[in-house]
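>>> Have a look at this fold, sequence not included:
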């Protein structure tokens, strides 16, 4: 079990209190995951049932609301038989709780008392909630102009809001600088966050009777869920649990689709894009930090990138509502691609 | 398995398409519930794992989003070690999905195509969602003045909103009259709704290692959860699964506490109360239909009624938020009584 840098190949101990490589690149966790099926099936239905695949020393400091093991239900949708994974059924309202539960548990194990995160949405709500549950001081950096029901939620948890003038990028920069003197509980920088989101793959595998699907259709912004799922399926393969991993169809909104462009235009750099407003605010990321890694994951799966228009998101949302799903628009993006 | 009337003792077949007794009183379901533990523990973690205790002919027409088996987590709160059951982690956002899943499944089994419900809150959202999922036409009666995010949700599901001028009671009357020619999928009238909410008790029992708690602290308005829990625990006792049932502490808001008054003032009637606004809108019920039944349930458990002020609800909400729980105020009512 160790931290490693994909860019310069340097390795670090799993318990070093760092969140990026000395070379400036993001880190990943390497772990020889085990999946003792007989024991797993007897445990409580939450993401901690896969504990032999999670990079904690022990379970003493786990911060949990019994999150995970979200429903996987089959529905007919646009002529397909589709398995929907209900990733909004989490204590704070989004799959970000997967990452927050693992990351904040690790933060406790490392003895860190104070963290920084920047987001005005689901990721910050998740980090704030798990910090609240464990008495860790949490500074959430948000753009001065941010205003949403999510901010109310973040404030209710007792997180310290730091309002930054300027753009979303200015906020990220301020958080990044603050994190140099603190610990960056970032949903896109911190390698432990992805160790939580990878449990998505384990659950799908177990819920399908210990098989993986042929295809995975998934929205992508920073890639917190996509990369998590990729890591998870790769670990299942590495440990001999499955022979194949799913083909990944990564979906972006037409109004903000840098990854789509890199893939289909064969770019070797991340283009500067003029980001337009989109209903899919959860994936409205014009400069995704881990873009190369996301591209690699999708390519190696024989998958592709798709984009959907605002109109397509609205129709998808409407069709899903009429089947009894009440979702935030970002959750309608993947079905919109069908 | 049959329907029966507590008031006049008349019995009806379980598949009669009625929702109240000829004498005008509400009906209940009588069922000899079985709890095959070995089989239960191997099933998916949703409320349908207790199928031998649910009054359906078979499972062919079950309408489910994999609802239920909500987390039961232990926390220190105000000096007590408390098990919190997270009854907001449901597809439509509240425990009402328990009732709606069972009731709408039964509606399909009875071959009913169209139902009526009145509520401007969680119950209507749940009924609307499950009707949407199963193609049943759903008419939701709401006061003309009602306006909330819940109404948006109800409308998104495709339910037909019927706005009624006048008071909340006028709305209930209009729905009741419409239901005479249709089927009343009411969360307080319909006996099958409570057959869904009773699974709360089964889950608590299983999650505590097949034991029941000594005390249950629960909010009460119409008693949809309280009576469900009561039925559930009674069935566990009747089937020999447990020897005792919990003492029930039923909590109301000071601003609307008719049941508290009946209990503590020893009244033999339901008083007309001047209902004041309360943060706890989910239990702001001045004329609970099943008040006698609720009183009996609490008395027979050796329990009592408690009331909490608006200030106490606010502090409870704040304390819970600071532990990472983001709740609607009604969910803070029970902890406020601690």
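On my side now, so go ahead. These numbers were taken from a predicted model, which means no experiment stands behind them. Residues are numbered from 1 along each chain as shown, chains lettered A, B, ... in the order given.

>>> by contact count, what packs against the helix or strand containing residue A:251?
Here residue A:251 sits within strand A:247-253, counting by DSSP states H and E. Here strand A:247-253 touches strand A:215-219, helix A:224-238, helix A:258-265, helix A:291-300, strand A:304-308, helix A:333-336, going by 3 or more C-beta pairs under 8 Å, 6 or more residues apart in numbering or on different chains; DSSP states H and E. In short, each C-beta sits where N, CA and C put it, glycine included.

>>> now do 6 Å
strand A:215-219, strand A:304-308 (3 or more C-beta pairs under 6 Å, 6 or more residues apart in numbering or on different chains; DSSP states H and E).

>>> Going by neighbour count, which residues in the last one are buried?
Right, strand A:304-308. Counting neighbours by 16 or more other C-beta atoms under 10 Å in any protein chain shown, one finds that the buried residues in strand A:304-308 are A:305-308.

>>> what does it rub up against?
A:249-252, A:254, A:257, A:259-260, A:263, A:336-337 (C-beta atoms under 6 Å, 6 or more residues apart in numbering or on different chains).

>>> List the neighbouring strands of that strand plus their orientation.
strand A:247-253 (parallel) (DSSP bridges).

>>> Flag every buried residue along the partner strand.
In strand A:247-253, counting by 16+ other C-beta under 10 Å, buried: A:248-253.

>>> Just want the angle from it to helix A:291-300.
Regarding strand A:247-253 and helix A:291-300, their directions subtend 130 degrees when assessed with axes from the mean of the first three to the mean of the last three C-alpha atoms, to 10 degrees.

>>> quick one: average pLDDT of strand A:247-253?
The pLDDT scores in strand A:247-253 average 98.

>>> before we move on, back to that, let me have the buried residues of strand A:247-253 in JSON lines, extended by distance to residue A:282.
Putting the buried residues of strand A:247-253 into JSON lines (distance: C-beta to C-beta, whole Å) gives the following:
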{"residue": "A:248", "distance to residue A:282": "18"}
{"residue": "A:249", "distance to residue A:282": "17"}
{"residue": "A:250", "distance to residue A:282": "14"}
{"residue": "A:251", "distance to residue A:282": "12"}
{"residue": "A:252", "distance to residue A:282": "11"}
{"residue": "A:253", "distance to residue A:282": "10"}
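
>>> now residue A:315, what's its secondary structure?
At residue A:315 the chain is in helix, as set by DSSP: H, G, I helix; E, B strand; the rest coil.

>>> Skipping its backbone neighbours, what lies nearest it in space?
residue A:336 (7.2 Å; C-beta to C-beta, 6 or more residues apart in numbering or on different chains).

>>> next one: residue A:234
residue A:245 is the one closest to residue A:234 (C-beta to C-beta, 6+ apart), at 6.4 Å.

>>> follow-up on the earlier one: just flag the most distant two among the contacts of strand A:304-308.
Pairwise distances across those peak at 18.2 Å for A:263 and A:336 (criterion: C-beta to C-beta).

>>> the more surrounded of these two?
Using other C-beta atoms under 10 Å in any protein chain shown, the more surrounded residue of residue A:263 and residue A:336 is residue A:336, with 27 against 20.

>>> Next one: the more buried one from chain B, what distance?
16 Å (C-beta to the nearest C-beta, to the nearest Å).

>>> and if you look at residue A:24?
33 Å.

>>> Tell me who's in contact with the one residue sitting closest to the centre of chain A.
Residue closest to the average C-alpha location in chain A (C-alpha atoms, centre = their mean): residue A:224, at 2.5 Å. Contact partners of residue A:224, counting by C-beta under 6 Å, 6+ apart, are A:187, A:197.

>>> pLDDT below threshold where in the stretch 1-150 of chain A?
Under the criterion pLDDT under 70, no range of the stretch 1-150 of chain A is flagged.

>>> ok, which stretches of it are helices?
A:37-40, A:96-109, A:122-134, A:149-156 (DSSP state H, counting those that start in this stretch).

>>> any chance of these in JSON lines, plus mean neighbour count?
Listed next are these as JSON lines, based on neighbours: other C-beta atoms under 10 Å in any protein chain shown:
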{"stretch": "helix A:37-40", "mean neighbour count": "11"}
{"stretch": "helix A:96-109", "mean neighbour count": "28"}
{"stretch": "helix A:122-134", "mean neighbour count": "29"}
{"stretch": "helix A:149-156", "mean neighbour count": "18"}
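
>>> Need these in a markdown table (columns: distance to residue A:64).
Below are the helices of the stretch 1-150 of chain A laid out as a markdown table (distance: least, C-beta to C-beta, whole Å):
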| stretch | distance to residue A:64 |
| --- | --- |
| helix A:37-40 | 16 |
| helix A:96-109 | 6 |
| helix A:122-134 | 8 |
| helix A:149-156 | 19 |
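
>>> could those helices be laid out in a markdown table, adding distance to chain B?
Shown next, in a markdown table, are the helices of the stretch 1-150 of chain A (distance: least, C-beta to the nearest C-beta, whole Å):
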| stretch | distance to chain B |
| --- | --- |
| helix A:37-40 | 13 |
| helix A:96-109 | 10 |
| helix A:122-134 | 4 |
| helix A:149-156 | 4 |
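
>>> What's opposite residue A:28 in the beta bridge?
residue A:4.

>>> Is it in contact with residue A:191, as I believe?
Yes - taking C-beta atoms under 6 Å as the definition, residue A:28 is a contact partner of residue A:191 at 5.2 Å.
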